[in-house]
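J.: Quick one, what's the 3D model for this:
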Amino acid sequence: MSVMLWLSLLLICVLGAMSPGPSLAVVLRQTVSNGRGHGIAAGCAHALGVGIWAIATVWGLGLLVSQHQLAYQLVSWLGAGYLAWLGYNALRYAASPSHLVAEAGAKESYWKAAGSGALISLLNPKLAVFFTALFAQFVNAEQSLHDQVIMVLTATLVDGIWYSLVAMLFSHAHLLSWLHRHMKRFEQLTGVVLIGLSIRVVVAAQ
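T.: Reported below is the predicted structural model:
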């Protein structure tokens, strides 16, 4: 995998991790209710769930591209359409009022915090769809196991590092307020990048 291709993957994984959703809400809730340690536990466990989805997706796409080229091409096109749809929704979200909420909950153990982080990723079918759409743009018939490991590790580490940073930094009320104010900019950037990736797939197929 070339450096430029990996940087493209890295950017999309970063923006995907930073997008608001139930995963961010869980980590923020653990941080607000129980402290940064619980938030980090939830974030790292969430990353392990992401890693499992990433492994399953890369392995499945690898089999598809080696044995069913036409089916893989169809998945790539559908994935490009899905990424464009995600980009459109991100831009639409950025134009609407922010709904980022982090409410305090009951005190929990570290194990329960980790369990909540793992479950929110493992039981989220949208992650499977997202990784299928994303990795379909990077997997090819000549790809080595080394490249596949890099893809999985990139997605897993980015997720874990981001949510750990969320727990460490946004345990302070004023930083949480900063995230709330600037989330729309992250969504705008995410929308542009995802739509750009979908266009690249179409252009490359010409």
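J.: close enough to count as contact, S116 and Q30?
T.: Yes: contact criterion CB atoms under 8 Å: S116 and Q30 qualify, at 6.8 Å. Placement of C-beta: from N, CA and C, glycine included.
J.: Give me the common contacts of these two.
T.: 42, 108 (CB atoms under 8 Å, 6 or more residues apart in numbering).
J.: And those two? Which one has more around it.
T.: Neighbour count, other CB atoms under 10 Å: between S116 and Q30, Q30 has more, with 31 against 20.
J.: measure that one to H46 for me?
T.: 10 Å (CB to CB, to the nearest Å).
J.: The residue nearest to L48 when sequence neighbours are not counted sits in which helix or strand?
T.: Distances taken as CB to CB, 6 or more residues apart in numbering place A118 nearest to L48, at 6.3 Å, with adjacent residues excluded. Element membership for A118 (DSSP states H and E) is helix 110-122.
J.: Can you mark which positions in that helix are buried?
T.: For helix 110-122, the neighbour count (16 or more other CB atoms under 10 Å) marks 112-114, 116-118, 120-121 as buried.
J.: Adding distance to L169, write those out as CSV.
T.: Shown next, in CSV, are the buried residues of helix 110-122 (distance: CB to CB, whole Å):
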residue, distance to L169
K112, 23
A113, 17
A114, 20
S116, 20
G117, 17
A118, 22
I120, 20
S121, 21
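J.: Which member of the residues you listed is positioned nearest I12?
T.: Among the buried residues of helix 110-122, S121 lies closest to I12 (CB to CB), at 17.2 Å.
J.: Out of the helices and strands in this structure, which is least certain?
T.: helix 173-204 (a mean of 66; mean pLDDT, DSSP states H and E).
J.: As a check, name the ranges of all helices in the chain.
T.: 3-18, 22-34, 36-67, 69-94, 110-122, 125-135, 145-169, 173-204 (DSSP state H).
J.: Roughly how far does H46 sit from T132?
T.: 19 Å.
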